[in-house]
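# I'll drop the sequence and a predicted model, then ask my questions.
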Amino acid sequence: MTVASASLGSDLKVMGLVGAAHWASHFFQLALPPLFLILKDEFGVSYAALGLLPTLLYGASGFAQTAAGFLVDRFGARRVLLSGLTLLALSVLAAGFVTEYWMFMPLMILAGLGNSVFHPADLAILTSKVSHGRIGRAYGAHALFGNLGWASAPALVGFIAVMWDWRAALIVAGCLGLVIVAAFLLWGADLSDETETTPATAKRDDTSPSVLTNIRLLFSATIVSCFLYFAFLAMALIGVQSFGVTAMVQIYGVPFAAAAAALTGYLLGSAAGVFVGGFAADRTDRHDLIAISGMITAGLIIIAIGAGLPPAALLVAALSVAGFVSGITSPSRDMLVRKATPAGASGRVFGFVYSGLDLGSALMPVTLGLILDRGAPELVFYAIAGLLFCTALTVVQVRRRTPARPLQPAADA
């Protein structure tokens, strides 16, 4: 069965399994933060020390993601995905047994290494296994599952911590990841690819691209533009998530709950936009127009909020619309990366460009924190808008590319 002729049932199974893995990735990213208040008292450490833990996870994931992409191209996306998910789940599970604060740090680094495989492996599987006519919706479902993982982590982890304790919350969270691994082993055998099934002796006979060829590919203007797109996008998103509430309280003088509701509106609007964007991506070849228009519109709304233009009563609506129009761009951005990727290089290209998400997430909070310390909350929103405009500029470069020649005859995933 070719990609072009894959049945709806087959496509839905691939989307469901890969989406579940992406859900777990985002879920584990927010497994610890909801417990910070408890862990602070448990271990007698500062919030700064606790904040180091997700930084270690994102940092390790960002730096390892390109290498994970090469592993996907060499050993197969399914095999690498299961290895990473198992390592991530076991790291979070083990965190439920630590007795000293410092024990969290190596576990978060291991968790980051496990997390590094998801984008190159997930997207390589979707690219090679889902029908061409549904690939936009597949990318949209992938992003939607990730957003749901973020949304469900605080609720589930917090509930278990209240009902039992924080250790039980992390142990249960880790076991959920292992359940998804088991689901892949039971129902995902057909996601294996030629890289996994070709004998080792045959692999050695393959004509693999040289190190110099790979460097030229990853650092070409087009691929670097894709990397910068994700880095700018991550910095904007982490800015809204981390400091948007605080900045709105200072600009508008609204209660914390009202500002938090506006942030929730942004996240829900983004999820709805991702869903709609998947259908839009399958119905047009001008994915650049969707990405550019969505990001510029979102940026203009963010600027208006920073300037205090919308009435406080419309904050939820304004941020919901901003989240929706930015969310619509998500499947189209993945289609743009797919178009820029030579055959046989999905893993390494997806790994490199999506490492911008983790590295951007690790860099921006400190800068915005300094802005707030200087008493300029409006600059937080202006900075976020500027980053969104930068993503639009990177899309222009991607659109100008010419089709790349295949690096090797191997399958994408």
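Received the coordinates, thanks.
# What are the boundaries of the helices in the stretch 201-350 of the chain?
Secondary structure of the stretch 201-350 of the chain (DSSP state H, counting those that start in this stretch): helices located at 211-218, 221-252, 256-281, 287-306, 315-339, 346-373.
# Low-confidence regions, the stretch 201-350 of the chain specifically.
When the per-residue scores of the stretch 201-350 of the chain are filtered using pLDDT under 70, the ranges that remain are 201-211, 213-214, 217, 242, 340-347.
# Of the helices of the stretch 201-350 of the chain, which stretch is the most buried?
Each of the helices of the stretch 201-350 of the chain was given a mean neighbour count from mean count of other C-beta atoms under 10 Å, and the largest, a mean of 25, is that of helix 315-339. In this view, the C-beta of every residue, glycine as well, is placed from N, C-alpha and C.
# ok now that one, how far from the chain's centre?
In terms of C-alpha atoms, centre = their mean, to the nearest Å, the centre of helix 315-339 is set 13 Å apart from its chain centre.
# Let me see the domain layout of this structure.
Each structural domain of the chain that the record assigns through automatic domain parsing is listed here as a residue range: 8-190, 212-399.
# G369 and F243 touch, don't they?
Yes - judged on C-beta atoms under 8 Å, G369 makes contact with F243 at a distance of 7.1 Å.
# Three-state assignment for T394, please.
Assigned with DSSP: H, G, I helix; E, B strand; the rest coil, T394 falls in the helix class.
# Tell me which residues touch it, please.
With contacts defined as C-beta atoms under 8 Å, 6 or more residues apart in numbering, the neighbours of T394 are S225, C226, L228, Y229, F232.
# Go ahead and confirm the second one touches M335.
No - with the criterion set as C-beta under 8 Å, C226 and M335 do not qualify as a contacting pair; they are 11.5 Å apart.
# who's in contact with A383?
G239, T367, L368, I371.
# Same list (the residues you listed) but as a markdown table, adding distance to A68.
As requested, the contacts of A383 are exported to a markdown table (distance: C-beta to C-beta, whole Å):
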| residue | distance to A68 |
| --- | --- |
| G239 | 26 |
| T367 | 27 |
| L368 | 28 |
| I371 | 33 |
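# out of these, which one sits closest to D358?
The shortest gap between D358 and any of the contacts of A383 belongs to G239, at 15.2 Å (C-beta to C-beta).
# Not counting its neighbours along the chain, what's nearest the closest one?
With C-beta to C-beta, 6 or more residues apart in numbering as the criterion, G239 has its nearest non-adjacent residue at 4.6 Å, and that residue is I384.
# in what helix or strand does the one you found lie?
The secondary structure element spanning I384 is helix 377-399 (assigned by DSSP states H and E).
# Taking their axis directions, that helix and helix 287-306 sit at what angle?
170 degrees (axes from the mean of the first three to the mean of the last three C-alpha atoms, to 10 degrees).
# Pull out the CA atoms of helix 377-399 and give them to me as PDB.
Listed next in PDB are the C-alpha coordinates belonging to helix 377-399 (Å, rounded to 0.1, in the frame of the first residue of the first chain):
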ATOM      1  CA  PRO A 377       4.700  45.400  30.900                       C
ATOM      2  CA  GLU A 378       3.600  46.800  27.500                       C
ATOM      3  CA  LEU A 379       7.100  45.900  26.100                       C
ATOM      4  CA  VAL A 380       6.300  42.300  26.800                       C
ATOM      5  CA  PHE A 381       3.500  42.300  24.300                       C
ATOM      6  CA  TYR A 382       5.500  44.400  21.800                       C
ATOM      7  CA  ALA A 383       8.300  42.000  22.000                       C
ATOM      8  CA  ILE A 384       5.900  39.000  21.400                       C
ATOM      9  CA  ALA A 385       4.400  40.800  18.500                       C
ATOM     10  CA  GLY A 386       7.800  41.600  17.000                       C
ATOM     11  CA  LEU A 387       8.700  37.900  17.200                       C
ATOM     12  CA  LEU A 388       5.500  36.900  15.400                       C
ATOM     13  CA  PHE A 389       6.300  39.400  12.700                       C
ATOM     14  CA  CYS A 390       9.800  37.800  12.400                       C
ATOM     15  CA  THR A 391       8.200  34.400  11.800                       C
ATOM     16  CA  ALA A 392       6.300  36.000   8.800                       C
ATOM     17  CA  LEU A 393       9.600  37.200   7.400                       C
ATOM     18  CA  THR A 394      11.200  33.800   7.600                       C
ATOM     19  CA  VAL A 395       8.300  32.300   5.500                       C
ATOM     20  CA  VAL A 396       9.200  34.600   2.700                       C
ATOM     21  CA  GLN A 397      12.600  33.000   2.400                       C
ATOM     22  CA  VAL A 398      11.100  29.500   2.500                       C
ATOM     23  CA  ARG A 399       8.700  30.400  -0.300                       C
END
